[in-house]
Structures are given as C-alpha cells and as structure tokens.
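Q: sequence and predicted model, in that order:
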Amino acid sequence: MLENRRILLIVAGGIAAVKVPDLIRRLRERGALVRCILTKGGAQFVTPLTLAALSGDKVYQDLFSLTDEAEMGHIRLSREADIVLVAPATADIMAKMVAGQADDLATTALLATDKPVMIAPSMNVMMWTHPATQANLQTLKVREVKVVGPSAGDLACGEVGNGRMAEVPTIIAALSRFFQKSAGQGPLTGFRALVTSGPTHEPIDPVRYIANRSSGKQGHAVAAALAELGANVTLISGPTHEPDPDGVKVTHVETARQMMKACAEAMPAEIVVCAAAVADWSVKGNVQKLKKGVKSPALNLSENPDILATLAKAGPLRPGLVVGFAAETENLIENAQLKRAKKNCDWVVANDVSPGSDTFGGDSKTVHLVTAESVESWPTLRKRAVAERLAERIAAYAERHF
Ligand code: C5P
C-alpha cells in the first residue's frame, strides 16, 4: 500500500523526533518515497544529515533559502506529495495550523498544501489535555486532518499519561489505511460480515411488547467500522433510534425469530458479530389485546432461538470468525468465558452492565476481549472506539487466518 507513495514528512521540535529515523527507515522498506522538512525545533533532536541519509533526499529547512527555493519552491514542495505527515506534531505546530500561521517552511507548506494532512501529536500530558490543544485538535479534525495517537505511557518529561507519539508501526498502519481507503479498499475488502444490533421486541399482544434497554449504538458502530475497513457488511437491526450506517446493507426486524431468519438469509459470511440483545423468550398466543380483569394474565413464554449459537455451530458453513457480546452484572470474565465455550464462538466482548456502569444507552464502556487464549482488558472507550478497535482486531485475524 505504501509502494511509491510520496510522503512529505514534517519533523517538528519534540523529543519524539528521535523516533523519526526509524519511521523513515520502515517507510522506505515499504517502498514509500520520503522527503523531509525539519523545523528549527526538530533540528534540536535529530540532525538534517541523519534524515537526508535515511530518506535519500535533501532535507528542507529554510523558507528563505535561495538554494532551496531555486531547487524546489516551497509551494511545489507542499504539492509534490501524496500526503503530508507531521511527526511529531507539537502543541505549537498544531496551534499554528489552526491559526493558519506561516512563519517558517513547515507551517508555510502546511498552509499551501492541497494534499491530505496527517498529524502524530506528541507532547506533555498537561499540554495535550489543555483545553486550547483539545480545541485545536477538534478544529483540525473538522478540517479533515487525520490524527494518529497519541498513546498513554511514560513521557520523556517524567510524567505519565496521554501524549506519547504513536509508535512507528501504528503510524505506518494509519498511513496504509489512508491509502487503502483512498483506493476504495481496506484490509477487509472481499470479506462478508454479518452484524446483529439493537434489542428485539417480543409482542405480548397487538399493542404491548417485551423489550430491553439495548440502544443499538454498539452494534451499529461495529457495522460501520467493519464497512470502513472495506468489508461487505449486512446489519440485522432490531428496533433502535440509530441511523443506518453508511455503506452498510441494513435489514430491520422486530422479533428474535425474524432476526434469526434474516441472519440465515444473509449467510454465508466470513465474519459474524452478534451485538444484539436478543430477547430470550417470546410470548405465545394473544392475537387479541389482553383485557384487564379480576385476574392478572399469565404470559406463556417460549424460548427464542439462540442466533449466535446457531451461526457458530460447527460445520462447513461456519464463518471463520464469530464474535459474541456478553453483558454481565457479576463474575464478568468467568461468565464470558463460559458463554464463549457454550456458544462455540471465537471471541466474546464482555462488558459490565451492573447498575451505574452506563453501558446501556451510554456512549462509553469498559470491555474485555475474551478469546480461547487470553483476556484482554481495554481502557474505557467510546462505543465508536470499541468498534474501531474490534474491527482492527478482526482485520488482523482475517489477515492471519483467512
Ligand atoms: O443473552 P446472552 O448473554 O446469552 O447473549 C450473549 C450473546 O449471544 C450476544 O452476542 C447476543 O447477541 C447473542 N444472542 C443471540 N441470540 C439469543 C441470545 C443471545 O444471538 N437468543
């Protein structure tokens, strides 16, 4: 994906500039063509000679250099690239990008470019969380600047927190994804994915039904994230207020039995993610509205099919990867492991739905990815981020196993 891609790499003045030589080496190994602009600050951490030797190109530093301008005007420099990558992106250069300042070669190139821009922020945790930086970040995102990282960990200043520049493989993956996407492709291109989402409604009579608190936010986000990675996604959705995700085929159903039927019709698929909160029982009978009387009516319940277990059943048509969700209020991991084995699915995303956890209907949650080999606890993330992370994992799995 990076073969012959032209990357204009702007190296600003942060300690993470020391990772840039490795970044250039890895990019060139993948066939990318790297040209560097080094800011004054950046030159405090890494020398132009190192960057020139590794990139195999001249390193540009000065806006008013006669030789540079004669060789390559700064406007041309900013245009002769497929993407402009700022790594590390300091709080200062982000602020300048927002303000449209152009007081050196790097900021001038950023203002003059007509190409996509990606930044890999790197700074002290207080600088990163400062409202000014966060507001700048939002503005840059609105302007469609792509952002990779930062991650949490030990910072060079001795503090711990969010602000470490994304690791080199993460930056490379983000660039690859960008080029794949712009070519209308992704790591899951060619794979079919089936996702269930939302609650099911089980009618008691023509006007009443049994429901649950599922909002469908998580399942819909998973469908969107898989589609973004190029998968051909069918989403079977129970009744929710979520809009249909872009680029996803959606079938709307109401009951568990309808969901089961729609899933069976959507098969085969290589990837199945069952995020729906399917009702365990449906109500038998009651074609007419129940009337209030002396005696309260008893509901005659019958068990619904288990969609996940049905799709995950061993056999020649079993999808290559089946993922379930487990909402538990106690013994979270243990129950998720039992569920994984019982339903024969490959992974279970376990989340705590005990009172106060805000998982149902909320926007964030803390989940654990339970597989046959391991339990991985993720930090508290927005549901959208949980979906993206899960989709990434699925893509990595597909690459290794399918
Ligand atoms: O309800 P339970 O905890 O068993 O749900 C665990 C997983 O099974 C979820 O992924 C859910 O979507 C799936 N499930 C299903 N059909 C059912 C019940 C649950 O697909 N009838």
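A: Great, that's in hand. Numbering: from 1, shown residues only.
Q: only C-alpha atoms for contact and neighbour calcs from this point on.
A: Fine.
Q: in this structure, which helix or strand is least confident?
A: Across the helices and strands of the chain, mean pLDDT, DSSP states H and E gives its lowest value to helix 66-71, namely a mean of 72.
Q: just after that one, pick out the following helix or strand.
A: On the C-terminal side of helix 66-71, the nearest following helix or strand under DSSP states H and E is helix 74-79.
Q: tell me the contacts of the residue nearest to Ser364 when sequence neighbours are not counted?
A: When the adjacent residues along the chain are set aside, Ser364 lies closest to Arg382, with 3.9 Å between them (CA to CA, 6 or more residues apart in numbering). By CA atoms under 8 Å, 6 or more residues apart in numbering, the contact set of Arg382 is 363-365.
Q: just the buried members of the residues you listed?
A: 364-365 (16 or more other CA atoms under 10 Å).
Q: with the contacts of Arg382 in mind, which one is nearest to the ligand?
A: The nearest member of the contacts of Arg382 to the ligand, counting by CA to the nearest ligand atom, is Lys365 at 16.0 Å.
Q: what ranges does this protein have for its helices?
A: Assigned by DSSP state H, the helices in the chain fall at 20-29, 48-55, 66-71, 74-79, 91-99, 105-112, 125-129, 131-142, 168-182, 217-228, 256-266, 307-312, 332-342, 383-401.
Q: out of the ones you listed, which gets nearest to Thr196?
A: When the helices of the chain are compared by CA to CA, helix 217-228 sits nearest Thr196, at 6.4 Å.
Q: and the pLDDT at Gly361?
A: For Gly361, the pLDDT comes out at 67.
Q: can I see the domain layout of the chain?
A: 6-182, 192-285+293-401 (automatic domain parsing).
Q: the ligand is nearest to which of those?
A: The closest of the domains of the chain to the ligand is domain 192-285+293-401. By CA to the nearest ligand atom, the value is 3.5 Å.
Q: do that closest one and the ligand meet?
A: Yes. Using CA under 6 Å from any ligand atom, domain 192-285+293-401 reaches the ligand at 274-280, 304-308, 324-327.
Q: so how far is that domain from its chain's centroid?
A: 18 Å (CA atoms, centre = their mean, to the nearest Å).
Q: report how many residues lie close to the spatially closest residue to Pro239 that is not a sequence neighbour.
A: Nearest non-adjacent residue to Pro239, counting by CA to CA, 6+ apart: Glu254, 6.0 Å away. By the criterion of other CA atoms under 10 Å, Glu254 has 18 neighbours.
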